[in-house]
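return atomic coordinates for the entry below.
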Amino acid sequence: MSLQVDRVFQQSLKWVMDHLECFDPGHPYVQDHTLRVKPFLELVFVVNPFLRMNLERQFPELHTIRHFIERTFESYDFPAFAHHDPAGLMVFALRNEFFNITGQPERCADGLLEVFLASRLHEVVERSRIPFRVMDLHYALDRATGQFDPVLYLPLYQKTILAKGRSLTQCNTNDLYSITHTLFYLADLGQVPLKQVLPAETHDLQRMLQDALAMMLRQDNLDLAGEFLMCLAFVEVLDTPITRFAWNLLSERQLSSGAMPAPTYSPEKAAQMQEDVQRYEFTQCYHTTLVMLGAAVMVYGKQVVA
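Take a look at the predicted model:
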């Protein structure tokens with residue numbers, strides 16, 4: 001299995017490097033309102049744990065990505081964006097975490113996160129969001145200040161779809177993303193073993209997550225398949241028949257460019273396009289490709305760090 005994991009990781013990383021400038025919020029590919037800062041924020045969200053794991057020493061590409069993130073935080077007018085969008089909280093939380101990880105705390109000493117918090121807009125957002133999205137906000141803030149404690153998330157966890165034990169057959173796509181993201185935060189994206197946070201649920205989680213992975217592979221939803229592979233790593237399920245099958249399939253399905261096709265990507269549509277083929281591939285596949293980076297690091301990267 002390690003060969004397939006390695007291939008998916010290397011190809012995904014190469015694709016990100018080849019398209020790095022496309023993650024800039026000012027790039028023509030993402031200037032429409034539906035994307036804009038979203039790809040960049042998701043890049044930072046994925047890369048921050050890599051930097052915490054010191055993977056930059058093993059993968060020099062991360063050094064280039066780190067400098068791109070630094071430049072983008074400096075060059076793009078995120079404060080102006082934050083005035084019009086609650087995602088501003090995520091911008092400054094992820095920014096502060098990034099600069100603290102990279103030993104540059106002075107670069108987030110402008111008080112912008114504190115100003116945004118003082119507006120109390122995030123409290124309005126919390127009241128209007130479902131539990132795992134509230135966890136999303138808390139996680140970003142806790143990571144920004146270095147005060148993460150998964151035990152403090154357990155009251156919110158009890159309100160989630162995962163804690164309530166909804167059957168997978170009764171879950172829609174949003175419910176399944178709720179399950180994966182709930183586990184992302186409780187596990188601190190792989191930094192905290194879930195058996196320490198949810199000891200009584202670990203066995204059931206191992207079984208349920210493998211079932212969910214099988215469902216997503218059958219539905220050809222590689223985005224959620226990657227997220228469930230990440231979650232399986234959090235409960236120490238790395239090498240089973242279904243995970244081996246998954247990595248083999250992912251290795252086969254990866255596009256020649258290195259992108260991992262999302263459920264919304266159509267190779268037939270791409271083949272018929274005379275213009276904007278690369279834009280189409282980026283906007284449809286960037287998230288799934290980033291997910292594959294994270295999933296592969298949980299399996300392959302742990303061996304490297306060890």
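
which SSE is residue 7 in?
In the assignment (DSSP states H and E), residue 7 maps to helix 2-18.

could you point out the longest helix of the protein?
Identified as the longest helix of the chain according to DSSP state H is helix 277-296.

please identify the buried residues of that helix?
Within helix 277-296, the residues that qualify as buried are 278, 280-296, counting by 16 or more other CB atoms under 10 Å. Just so you know, the C-beta spots here come from the backbone N, C-alpha and C atoms, and that holds for glycine as well.

could you do stretch 34-52 as well?
Judged by neighbour count using 16+ other CB under 10 Å, the buried positions of stretch 34-52 are 35-52.

where do the helices sit along the stretch 1-150 of the chain?
2-18, 38-52, 61-75, 78-82, 88-101, 112-118, 121-128, 131-145 (DSSP state H, counting those that start in this stretch).

pick the most deeply packed of those.
Greatest average neighbour count among the helices of the stretch 1-150 of the chain goes to helix 88-101 (a mean of 23), per mean count of other CB atoms under 10 Å.

average pLDDT across it?
For helix 88-101, mean pLDDT rounds to 90.

can you name every helix or strand that it contacts?
helix 38-52, helix 61-75, helix 78-82, helix 112-118, helix 121-128, helix 131-145 (3 or more CB pairs under 8 Å, 6 or more residues apart in numbering; DSSP states H and E).

burial count for residue 274?
Neighbour count of residue 274, defined by other CB atoms under 10 Å: 5.

let me redo that: residue 175
Residue 175: 16 neighbours (other CB under 10 Å).

look up how far residue 35 lies from it.
As judged by CB to CB, to the nearest Å, residue 175 and residue 35 stand 24 Å apart.

equivalent analysis for residue 157, please.
According to CB to CB, residue 157 and residue 35 sit 30 Å apart.

ok so, going back, compare the helices of the stretch 1-150 of the chain and give me the one nearest residue 199.
Evaluated over those, closeness to residue 199 peaks at helix 131-145, with 19.5 Å, by CB to CB.

what does that closest one rub up against?
Contacts to helix 131-145, defined as CB atoms under 8 Å, 6 or more residues apart in numbering, come from residues 48, 89-90, 92-94, 96-97, 100, 113, 117, 122, 125-126, 129, 148-149, 153, 156-157, 159-161, 178, 181-182, 184-185.

low-confidence ranges in the chain?
For the chain, applying pLDDT under 70 flags the ranges 1, 33, 84-87, 119-129, 301-306.

now do the helices in the stretch 151-300 of the chain.
Taking DSSP H, counting those that start in this stretch to define them, one finds helices in the stretch 151-300 of the chain at 154-157, 161-164, 173-186, 194-197, 202-218, 222-234, 241-253, 267-272, 277-296.

any chance of these in TSV with distance to residue 23 as columns?
Output for those, formatted as TSV (distance: least, CB to CB, whole Å):
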stretch	distance to residue 23
helix 154-157	30
helix 161-164	30
helix 173-186	20
helix 194-197	30
helix 202-218	25
helix 222-234	17
helix 241-253	22
helix 267-272	20
helix 277-296	7
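
single out the most deeply packed of those.
Among the helices of the stretch 151-300 of the chain, the stretch with the highest mean neighbour count (mean count of other CB under 10 Å) is helix 222-234, at a mean of 26.

residues touching that one, excluding its own?
Defining contact as CB under 8 Å, 6+ apart, one finds that helix 222-234 is touched by 173, 176-177, 179-180, 183-184, 187, 190, 193-194, 205-206, 209-210, 212-213, 216-217, 238, 243, 246-247, 250, 253, 260-263, 287-288, 291-292, 294-295, 298-299, 302.

same question, stretch 256-270
The contact list for stretch 256-270, computed with CB under 8 Å, 6+ apart, reads 8, 11-15, 18, 219-223, 226, 250, 253-255, 277, 280-282, 284-289, 291-292.
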